[in-house]
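*Asks:* Here's my sequence, what's the structure:
(chains A and B)
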2 protein chains.
Amino acid sequence: MTDDKGRNAKRVSDFVSEERLWRFHMEMAKIGATPKGGNNRQALSPEDAEARTLFVKWAKERKFEVSMDEIGNVFVRRPGTDPKAPPVLSGSHLDTQPTGGRFDGIYGCLGALEVLHAVDDSGIQTKRSIEACVWTNEEGTRFSPGCLGSDAFAHPKNLRKFLAIKDKDGVTVGDALADVKKRMPSVDSRPLGFPLHAFVEAHIEQGPILEAQKKTIGVVTGIQGARRYIVTVEGEDAHSGTTPRSRRKDSFFAAVDMVNALKPIFTENDKDDILRFTIGRFEVYPGSLYVVPGRVIFGIDFRHPSLDTLDRLGAQIESVCRKHQGGCTVKVEEIVRVTPTPFTGLIPETVDKATKELGYPYMHILSGAGHDSQNIAPLCPTGMIFVPCEGGRSHNEIENATPGDLAAGARVLAETMVEIANR
Amino acid sequence: MTDDKGRNAKRVSDFVSEERLWRFHMEMAKIGATPKGGNNRQALSPEDAEARTLFVKWAKERKFEVSMDEIGNVFVRRPGTDPKAPPVLSGSHLDTQPTGGRFDGIYGCLGALEVLHAVDDSGIQTKRSIEACVWTNEEGTRFSPGCLGSDAFAHPKNLRKFLAIKDKDGVTVGDALADVKKRMPSVDSRPLGFPLHAFVEAHIEQGPILEAQKKTIGVVTGIQGARRYIVTVEGEDAHSGTTPRSRRKDSFFAAVDMVNALKPIFTENDKDDILRFTIGRFEVYPGSLYVVPGRVIFGIDFRHPSLDTLDRLGAQIESVCRKHQGGCTVKVEEIVRVTPTPFTGLIPETVDKATKELGYPYMHILSGAGHDSQNIAPLCPTGMIFVPCEGGRSHNEIENATPGDLAAGARVLAETMVEIANR
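*Replies:* Predicted structure coming up:
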């Protein structure tokens, strides 16, 4: 066995190519590139179709088998000696936030593709097939909620409902998916929810901990839970120059009153800075300087590792908003509720072992972000591998990671997948 | 002299037709009609072009002379016996807010057009020409600032700057105006800033005072002043699930802190509810539930009849915002500064006299809203006539006024214009 530089090599991880993996990332980052060096490649957009097409092209160049299911999840397969045995799967997503970076999700897809290349280069025949995948719409910005592809894979009964979800222009997931398929090369169909032996997802941490602790690998022990709400405040449009304060039904100031009342609930009693409370969407209508605004729609995202905390704080939102509605009315809808997901057993143990054998500095870490792994965890042994990202910045165009760290994570992933595929 | 019902008539106001004036409004309201009964006919849109085309059609049916200047202001002229004498002009605007009503501005154009019809029906020959006009982009929502057409008329040197103003899609006033001209019948050109003898603008009050006082006519004594600001708060986009509170530069919460600090400055010490303080624009970017927002842009509009109050409060905005910027940065730009405009002399005196002669209940009133009259006031004797609007509601799709009140205002306008044109 020789590696990509012709040296003697003993393990599959020796065949992981830092250069190839970095090139994959830089080529992918050209699609939907933004002026500030990030990516805007929203789910099921023409840019998403172009990214998938490039992923499929790389797979086909190596004669890997490519398939796609009914929600648009893409699978790339290197068959094992027992093709009927459920595969060992790894992957993430290629869609980004509107001001997203070059690594969030992308690394999980390209890292898995790199593992398939490395295994192929090594000549190793695994017993089980190993596969790399791209889950559809993880980010959830264009079509809400996120992690749609992995959710449909885990719950095929949700497919019809998901296909009817509309973006803000009224385009459905179904319509956008049909357009993506038209733009991609034709590939085999795959059923939703086919049996999996194990799933492991590589990802940048998207937080500052690994960098601060000077660790190369994070063995992920679980994902915190999250609850998300949409709050709609209805007042009355009125002329900003003539309408006395006493006669206004100003939805903006009512919404600000709600925010002022909510904020301390989510920030006090959190001295360790564990709870994540974000209002990232806040839309004021009609949005004119000259009109007292008659409607505000805002979104709340909060996350915590404890189910109890999620339950207790979430239960207060509606009553707090109602208490501060003033002359307006308010509607509070919970749109997402994700219980915390622990990762235990096969995957974290195998990742742990591979990391130790390869000698990387590592730590156990909890994921602050949600991931497709949450949806797959109930189906089969599941886990994640984190690598550092610069300054902990993610969901940001300047998101960055080093070629060396990405390759280290891919080496751990390669060892983990081959180990499990041959067990 | 006989009126439109064949009765003996002695004055031009007897020829004002309530039915025709109402029909003008209802026909106009079909253009850009919204489901809730209002209008969305933003400046220099295809709908605005259609509205202007209808206005010109009505004028040409009566053989009035139609012309347009370089910013798109439209003039309809019934010539006087001394065609070289500067005309008596009346008019307002046909553009609306995105969720605007059927009367704000429209009444001033159609009321003036009705006066030309009434004078024509009466057979009266005025010495000076009387003219009805449509000022371009009064509302200022699509292209900011508002009152652009009357401003360019009063200050032709501003034309080039105004033509370069862009809407949020990057379309310039110049481009949009070229498109409007393509969609309209060709009319004669008129220079900006031609000499005027007097200007009077009829308008719905857009406030609750006339209705509450049971008055049909408001003789407007002036317009309160206004200052408008755009505040840009820059933080840093970050992942909402992974970024600890202590590491965030959250532009949303910084902007809310600024709003919380500004609000009492503009509401306390205003027991008589005179000051108008509005934040009608508040945009959060990138606007995703999953991203700590890195940028907020919000707009402040405040108005008061006292120049001293405008100066004193406006001077505090920048320092208050800066004090509450937290980890973000803030930029405060004043985009509009309108000093209070008193109306005295010829116009309010003539309106006063006509109203008394016609026997309508009336009162003197200050305008809460800004109007094109503010720009014309420095050029010639200027004033306004108000009629009530239902519930004081304006800049709202349910804005309403009665056919009788609109006709009453047009009768006062007709007497005023003929009186001044013959003096």
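*Asks:* mind checking how far stretch A:81-88 is from the chain centre?
*Replies:* Relative to the chain's own centre, stretch A:81-88 is displaced by 27 Å; criterion: Cα atoms, centre = their mean, to the nearest Å.
*Asks:* just stretch A:260-273 next, same as before
*Replies:* The answer for stretch A:260-273 is 26 Å, by Cα atoms, centre = their mean.
*Asks:* Could you do stretch A:198-208 as well?
*Replies:* With Cα atoms, centre = their mean, you get 9 Å for stretch A:198-208.
*Asks:* One more: stretch A:139-147?
*Replies:* 9 Å.
*Asks:* Can you get me the start-to-end distance on that stretch?
*Replies:* Across stretch A:139-147, the terminal residues are separated by 7 Å (Cα to Cα, to the nearest Å).
*Asks:* ditto for stretch A:363-382
*Replies:* End-to-end distance for stretch A:363-382, by Cα to Cα: 18 Å.
*Asks:* That stretch vs chain B: in contact?
*Replies:* Yes. Under the criterion of Cβ under 8 Å from any Cβ of the partner chain, stretch A:363-382 makes contact with chain B via A:367-370. Where you see a C-beta, it was placed from the backbone N, CA and C, and this is true even at glycine.
*Asks:* In ChimeraX, how would I select the buried members of those residues?
*Replies:* Provided next is the ChimeraX selection string for whichever of these are buried by 16 or more other Cβ atoms under 10 Å in any protein chain shown:
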select /A:367,368,369,370
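*Asks:* mind giving me TSV with the residues of stretch A:363-382 next to chain B and columns for distance to A:Asp69?
*Replies:* Listed next are the residues of stretch A:363-382 next to chain B as TSV, based on distance: Cβ to Cβ, whole Å:
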residue	distance to A:Asp69
A:Ser367	25
A:Gly368	29
A:Ala369	24
A:Gly370	21
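*Asks:* Which pair of the residues of stretch A:363-382 next to chain B spans the longest distance?
*Replies:* When the residues of stretch A:363-382 next to chain B are compared pair by pair using Cβ to Cβ, the farthest-apart members prove to be A:Gly368 and A:Gly370, with a separation of 8.9 Å.
*Asks:* Which neighbours do those two have in common?
*Replies:* Overlap between the contact sets of A:Gly368 and A:Gly370, as judged by Cβ atoms under 8 Å, 6 or more residues apart in numbering or on different chains, is given by A:303, B:241.
*Asks:* And A:Gly170, how close does it get to chain B?
*Replies:* Distance check for A:Gly170 against chain B: by Cβ to the nearest Cβ, to the nearest Å, it reads 15 Å.
*Asks:* Looking at the residues of stretch A:363-382 next to chain B, which are in helices?
*Replies:* When those are checked against helices using DSSP state H, none is located there.
*Asks:* need the residues of stretch A:363-382 next to chain B in a markdown table with distance to A:Leu210 and pLDDT, can you?
*Replies:* Output for the residues of stretch A:363-382 next to chain B, formatted as a markdown table (distance: Cβ to Cβ, whole Å; pLDDT from 0 to 100):
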| residue | distance to A:Leu210 | pLDDT |
| --- | --- | --- |
| A:Ser367 | 12 | 94 |
| A:Gly368 | 12 | 89 |
| A:Ala369 | 13 | 88 |
| A:Gly370 | 18 | 89 |
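*Asks:* and A:Pro195, what does it touch?
*Replies:* Under the criterion of Cβ under 8 Å, 6+ apart, the contact partners of A:Pro195 comprise A:86, A:380.
*Asks:* if I've got this straight, it is in a helix?
*Replies:* No. With the criterion set as DSSP: H, G, I helix; E, B strand; the rest coil, the secondary structure at A:Pro195 is coil rather than a helix.
*Asks:* circling back: which members of the residues of stretch A:363-382 next to chain B occur in strands, if any?
*Replies:* Using DSSP state E, the members of these that fall in strands are A:Ser367.
*Asks:* Quick check: pLDDT value at the residue lying closest to A:Gly193 once chain neighbours are set aside.
*Replies:* Once flanking residues are discounted, A:Gly193 sits nearest to A:Pro156: 5.0 Å by Cβ to Cβ, 6 or more residues apart in numbering or on different chains. According to the predicted model, the pLDDT of A:Pro156 comes to 98.
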